[in-house]
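Q: what follows is a predicted protein model with its sequence.
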Amino acid sequence: MNITSDMIYGYTDGMILCCLSEQDSYGYAINNFILEKSGFKYELKEATLYTTFRRLEKQGHVTSYWGNESSGPRRRYYSITQEGRAYLKQRIREWKEIRQLMDAFFIDKKEEETET
């Protein structure tokens, strides 16, 4: 099953910030990380990725800088800020609450379906 953008709507910020909480990175590498982490079931569209970067930067959650590549194209790197780390913690707390809510619906339903 491939995951659609509609299923993940609202969590793109958190996914990108999770990637950046490990180390600074650039768009292509972050997109590949998300693809691999999702078991190759979800890939961000390039337009969505860079729109999200701009929004996160405007909100003060990330900063960007140009890398100093000696070979290959020059890349814009993104770095999470302290505000971004606080926002990520908030998003993680929200996700845990949403997951509990959805589990209350779907886990019970799954158990009912396996019994019939």
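A: Looks like it arrived, so ask away. Computed from a prediction, not measured in an experiment: that's the story for all the values here.

Q: remind me which residues of the protein are low pLDDT?
A: 1-7, 108-116 (pLDDT under 70).

Q: and the longest helix anywhere in it, what does it pack onto?
A: If you go by DSSP state H, the chain has its longest helix at helix 82-115. Counting contacts by 3 or more C-beta pairs under 8 Å, 6 or more residues apart in numbering; DSSP states H and E, helix 82-115 is packed against helix 12-22. The C-beta positions use only the backbone N, C-alpha and C, and glycine is treated the same way.

Q: try it again with 10 Å
A: With contacts taken as 3 or more C-beta pairs under 10 Å, 6 or more residues apart in numbering; DSSP states H and E, helix 82-115 sits against helix 12-22, helix 46-58, strand 62-66, strand 76-80.

Q: tilt between it and helix 46-58?
A: 130 degrees (axes from the mean of the first three to the mean of the last three C-alpha atoms, to 10 degrees).

Q: any chance of JSON lines for the helices and strands packed on helix 82-115, columns mean neighbour count and distance to Met102?
A: Output for these, formatted as JSON lines (neighbours: other C-beta atoms under 10 Å; distance: least, C-beta to C-beta, whole Å):
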{"stretch": "helix 12-22", "mean neighbour count": "19", "distance to Met102": "16"}
{"stretch": "helix 46-58", "mean neighbour count": "14", "distance to Met102": "23"}
{"stretch": "strand 62-66", "mean neighbour count": "15", "distance to Met102": "28"}
{"stretch": "strand 76-80", "mean neighbour count": "18", "distance to Met102": "27"}
